[in-house]
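Q: Next input, structure requested:
(one chain, ligands or ions: 2)
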Amino acid sequence: MTPPVRRLFFALWPDDEIRQELARACRKAIKGGGGRPVATRNLHATVAFLGAVAEARLADVFSAASGLRAGPFELVFDQVGHWPRPQVLVALCSEPPPAAVGLAGALWQRLKALDIPPDLRPYEPHVTLARKVRRPGRDLGMRPVRWPVTELALVESVTDPDGARYTVLERWPLVGEGAPVAPGSPPELPPGADSSPS
Ligand code: ATP
Ligand code: MG
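A: Ligands and ions are numbered 1, 2, ... in the order given. You can find the predicted model right below:
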């Protein structure tokens, strides 16, 4: 029998207000690109995609985040871009804060120690707005959206017939350079979360 695995990623998880703002600010670009818009409730910024992780490694993944030393920062999303290879429309920051890039780097350092294969591309904060976009529309402008980021989330992704369903398993506050974040909680399943392999 194959051991149970969970599809996991670390992300910045906005509150409802920011999600609504992002959806509103990018509405024209999303409409103009055709494709499959990401549901507003699912909008987020992936920091590190882990993929399938054996359930037995969950505690290690939690400790990787618990031991991080990283401070808060602000993301200002101010342009919509089109990434032709994955065929996605994304909201981007014209000036990504070094602290965001540093957070991704520090997290990957710790994940590499767990033999989780790293993403070798330089980290670029982005929020995927729509998928299956072959060609973007003409209007890629957006009203800037400021997002004060104060925590890192570990998220599980389960693919349903009608798209991905995300569950935030844990959040860690970004409490400031040099100060360790609070110790992680044990990796308990949230009520209703499905632990079966998808
Ligand atoms: P679905 O794959 O069901 O259409 P999804 O792409 O949103 O939906 P996942 O594939 O589980 O769901 O991805 C979760 C998050 O990780 C998304 O933000 C996705 O863009 C990102 N992601 C997925 N695969 C990779 C990858 N290989 N490298 C970097 N980020 C990835
Ligand atoms: Mg995917």
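
Q: V53: what secondary structure?
A: Here V53 is strand, with the state taken from DSSP: H, G, I helix; E, B strand; the rest coil.

Q: If you could redo that for A23, that was the one I meant.
A: Recorded secondary structure, A23: helix (three-state DSSP).

Q: what mean pLDDT does stretch 17-29 have?
A: When pLDDT is averaged over stretch 17-29, the result is 98.

Q: For beta bridges, what are the partners of the closest residue to H44 other than its chain neighbours?
A: Sequence neighbours aside, A11 is the residue nearest to H44 in space, at 4.6 Å (criterion: C-beta to C-beta, 6 or more residues apart in numbering). Every residue, glycine included, has its C-beta placed from N, CA and C. Counting by DSSP bridges, A11 is bridged to T46, A153.

Q: With adjacent residues omitted, what lies nearest to P86?
A: Nearest non-adjacent residue to P86, counting by C-beta to C-beta, 6+ apart: R131, 7.9 Å away.

Q: My guess is the residue nearest to H44 contacts V155. True?
A: Yes: here A11 lies in contact with V155, judged by C-beta atoms under 8 Å, at a distance of 5.1 Å.

Q: Find the residues that touch each one of these two.
A: Both A11 and V155 are contacted by H44, under the criterion C-beta atoms under 8 Å, 6 or more residues apart in numbering.

Q: check contacts around the residue nearest to H44.
A: Neighbours of A11 in contact, by C-beta under 8 Å, 6+ apart: 44-47, 152-153, 155.

Q: Among those, find me the one that's closest to L75.
A: A45 (7.2 Å; C-beta to C-beta).

Q: so what's the closest one up against?
A: 11-12, 14, 75, 125-127.
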